[in-house]
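> Sequence plus the predicted model coming up.
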Amino acid sequence: MPDDTPRIARTTPCAVLVEAGKTYFWCACGRSQHQPFCDGSHKATGLRPVKFVAEREEWVWFCGCKQTGSAPFCDGTHKTL
């Protein structure tokens, strides 16, 4: 049975300057060595990365704790961990 429990990668969000039109895959499992993005480590889990396409260049706060209710974005859940 796959381990589908997200690991807490960090207890703070990840600020990333995204590029307009670029596609990103946010790590939902917490196992990636390239946080906050996927490196394929989820393959032994029931979890899958979340696709995000940047509409414009801007700073985005990606969830680092993997417990957010608004994936892939930080919703402040890390403050309760």
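Nice, I can see it.

> At which residues are the strands of this structure located?
For the chain, the strands defined by DSSP state E cover 14-18, 23-26, 50-53, 58-62.

> Residue 26 is in contact with residue 42, correct?
No. Residue 42 lies out of contact with residue 26 (C-beta atoms under 8 Å); the separation is 11.0 Å. Yep, even glycine has a C-beta here, placed from its N, CA and C like the rest.

> what touches both of these two?
residue 49 (C-beta atoms under 8 Å, 6 or more residues apart in numbering).

> what distance separates stretch 11-20 from the middle of the whole chain?
10 Å (C-alpha atoms, centre = their mean, to the nearest Å).

> Go through that stretch and flag the buried ones.
Of all the residues in stretch 11-20, those buried under the rule 16 or more other C-beta atoms under 10 Å are 13-14, 16, 18.

> go on, stretch 39-55?
Within stretch 39-55, the residues that qualify as buried are 41-42, 45, 47, 49-50, 52, 54, counting by 16+ other C-beta under 10 Å.

> Flag whichever of those residues scores worst on pLDDT.
Across the buried residues of stretch 39-55, the member with the lowest pLDDT is residue 45, scoring 91.

> wait, isn't that residue in contact with residue 31?
Yes. At 7.3 Å, residue 45 counts as touching residue 31 under the criterion of C-beta under 8 Å.

> Distance check, the spatially closest residue to residue 55 that is not a sequence neighbour against residue 31.
Spatially, and ignoring its direct neighbours in sequence, residue 55 is nearest to residue 20 (6.7 Å; C-beta to C-beta, 6 or more residues apart in numbering). Using C-beta to C-beta, to the nearest Å, we find residue 20 at a distance of 29 Å from residue 31.

> Equivalent analysis for residue 16, please.
19 Å.

> what's the burial count for residue 73?
15 (other C-beta atoms under 10 Å).

> so what's it up against?
So residue 73 contacts 60-63 (C-beta under 8 Å, 6+ apart).

> and residue 32, how many neighbours?
The number of residues near residue 32, taken as other C-beta under 10 Å, comes to 20.
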